[in-house]
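Chemist: model this:
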Amino acid sequence: MLGHKERDQGELFITGSLRQLLPDDHILVRVDRVLDLAWLRAEVADLYCADNGRPGIDPEAALRLMLAGFLLGIVHDRRLLREAQVNLAIRWFAGYGLHEALPDHSTLTRIRSRWGAERFQRIFQRTVQACVSAGIAKGEVVHVDASLIRADVSWESLVAEHVEAVAESNSDAAALAERNAKQTGRYKKVCPTDPDATMATNARNRRLEPAYKQHAVVDDVRGVVLDVEVTTGELNEGQVILARLDATAATTGQAIVTATADAGYAYAKVYGGLERRGIDPLIPTKAEPIRSAVPLRRFRYDARHNIVTCPRGKILTPGKVQKHGRFFVARSRDCRSCSLAKLCLPRGRSARAVMISADYPALLRARRRRERWSAEDQRLYQRHRWRSEGFHGEAKTWHGLARAVRRGLANMRIQAFLTAAAVNLKRLAASLWRVLLHFLGLLDLVRTGEEPARSVRPALALIAIVGR
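Modeler: Prediction:
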């Protein structure tokens with residue numbers, strides 16, 4: 001017969017925990033099994049008065065609310081608290097019962113401002129160390145990449161920045177200064193509502209957008225995010241990679257053996273810096289730009305004696321050391337009598353000069369090695385595409401990192417740290433059974449396939465139940 005359900009409920013009585021109403025495979029339930037925030041109160045205690053004022057929100061409850069939002073892709077505080085009003089999983093994860101009032105959304109804003117980006121960075125680093133302790137991250141083979149994040153500004157708020165003063169008395173001079181600024185790339189749009197965001201693009205056929213740039217280091221084993229940092233959008237990733245690898249090694253306590261990156265990092269200073277750190281770079285070199293009929297590769301550089309020889313065998317004289325290298329200049333009389341002078345000399349110059357960067361030998365070694373990449377090198381570089389780039393896609397698709405939630409570099413860094421922490425907690429929760437085996441000393445037993453002793457079989461049964 002056709003059933004009927006009464007919709008009116010006078011009262012709702014629940015005995016026990018809200019956990020009983022949640023499925024075992026819910027993301028917040030799985031993350032709660034591996035999330036330990038007992039240390040957080042001591043971490044932020046110095047930011048609060050010990051014996052005066054109203055009691056603040058429990059730091060663990062506040063952080064759990066934020067993490068729940070990033071895990072579920074609800075990154076705006078107002079929407080998160082509205083969802084928490086009716087979402088039993090968020091209430092249970094943050095420790096709020098059905099009868100308890102949730103904090104106002106502005107409270108989370110004040111907490112972030114009080115704690116600052118550095119404390120959220122330490123929260124993220126705690127998740128990295130937990131993954132290393134659990135054995136799902138080693139920090140030996142890492143993948144480095146950067147991604148643009150659209151700033152939280154509108155196109156209508158952008159204004160043009162004139163580098164040169166246009167209010168000069170001579171209108172022709174003002175127009176010339178404006179035209180030169182356009183040609184040199186300094187004629188850009190800026191956003192007064194978020195000055196930290198700069199105009200950038202990830203492809204030549206796409207327009208510039210106000211953006212930040214996230215730099216991430218991802219572990220090869222399980223895709224754990226080992227380090228993350230945010231800069232302005234126009235900062236080149238080659239200026240950041242060495243500092244991020246140093247920070248990664250400091251966090252994991254493990255020396256990096258191999259680092260992969262795309263051709264956007266293929267600079268001589270990057271190859272040289274990696275060699276000095278004992279890191280094997282798997283970075284494909286860029287094709288040398290041909291700006292002359294006699295390009296730089298036609299000049300032979302002797303690093304041992306610091307000598308440059310031109311295609312006709314003439315030695316170039318080393319000049320003054322510059323910031324990133326040194327100029328080597330040929331003698332005028334050698335160039336006048338050279339048969340390649342018409343092709344080699346720039347217009348208006350009587351002698352050829354070439355710039356040799358400080359780590360140019362490292363770049364040459366990288367070019368030679370790229371031609372001899374082994375099958376293992378090719379495999380690791382293929383993993384870079386779905387490990388590092390996969391993390392950026394996951395963070396933007398599922399965790400709200402496609403666009404900045406708030407304005408300012410500090411707020412953007414907090415968003416990146418919380419997103420990376422949420423991703424690491426997901427990785428840790430997915431490997432819960434390995435974590436439990438590790439702490440019980442049974443990981444080697446499982447790897448070898450040996451029969452477990454009778455005394456540890458109940459523990460294995462418990463792992464099977466809890467790790468569902």
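
Chemist: care to break this protein down by domain?
Modeler: Domain assignment for the chain, taken from automatic domain parsing, gives 20-124, 296-351, 434-466.

Chemist: Let me know which of the ones you listed is tucked in deepest.
Modeler: Among the domains of the chain, domain 20-124 has the highest mean neighbour count (mean count of other CB atoms under 10 Å), at a mean of 16. No exception for glycine: its C-beta is placed from N, CA and C like everyone else's.

Chemist: Quickly, which of the domains of the chain bottoms out on average pLDDT?
Modeler: If these are sorted by mean pLDDT, domain 434-466 sits at the bottom with a mean of 48.

Chemist: show me where the stretch 151-300 of the chain has strands.
Modeler: Remark: strands assigned in the stretch 151-300 of the chain by DSSP state E, counting those that start in this stretch are 159-161, 188-190, 198-200, 209-219, 225-232, 258-260, 280-282, 300-302.

Chemist: can you check the stretch 351-468 of the chain too?
Modeler: For the stretch 351-468 of the chain, the strands defined by DSSP E, counting those that start in this stretch cover 353-357.

Chemist: okay if I get the strands of the stretch 151-300 of the chain as TSV plus distance to Ala330?
Modeler: Formatted as TSV, the strands of the stretch 151-300 of the chain follow (distance: least, CB to CB, whole Å):
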stretch	distance to Ala330
strand 159-161	41
strand 188-190	38
strand 198-200	39
strand 209-219	40
strand 225-232	40
strand 258-260	38
strand 280-282	32
strand 300-302	13
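
Chemist: wait, which of those strands is closest to Arg112?
Modeler: Arg112 lies closest to strand 225-232 among the strands of the stretch 151-300 of the chain, at 14.6 Å (CB to CB).

Chemist: before we move on, back to that, can I get the domains of the chain in JSON lines with distance to Asp377?
Modeler: As requested, the domains of the chain are exported to JSON lines (distance: least, CB to CB, whole Å):
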{"stretch": "domain 20-124", "distance to Asp377": "30"}
{"stretch": "domain 296-351", "distance to Asp377": "23"}
{"stretch": "domain 434-466", "distance to Asp377": "27"}
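
Chemist: Out of these, flag the one nearest Ile283.
Modeler: Between those, domain 296-351 lies closest to Ile283; by CB to CB that is 18.2 Å.

Chemist: So the closest residue to Ala255 other than its chain neighbours versus Phe328, what's the distance?
Modeler: Spatially, and ignoring its direct neighbours in sequence, Ala255 is nearest to Ala249 (6.1 Å; CB to CB, 6 or more residues apart in numbering). Going from Ala249 to Phe328 by CB to CB, to the nearest Å gives 36 Å.

Chemist: So Phe120 sits against Thr419, correct?
Modeler: No: using CB atoms under 8 Å, Phe120 is not in contact with Thr419; the gap is 10.6 Å.

Chemist: which ones are touching Cys335?
Modeler: Residues near Cys335 by CB atoms under 8 Å, 6 or more residues apart in numbering: Ala341, Cys344, Leu345, Ser350, Ala351, Arg352.

Chemist: Of those, which belong to helices?
Modeler: Using DSSP state H, the subset of these located in helices is Ala341, Cys344.

Chemist: from the contacts of Cys335, which is closest to Val34?
Modeler: Closest approach to Val34 among those (CB to CB): Arg352, at 62.5 Å.

Chemist: quick one: contacts for the closest one?
Modeler: Val294, Cys310, Leu316, Val329, Ala330, Cys335, Cys344, Leu345, Pro346.
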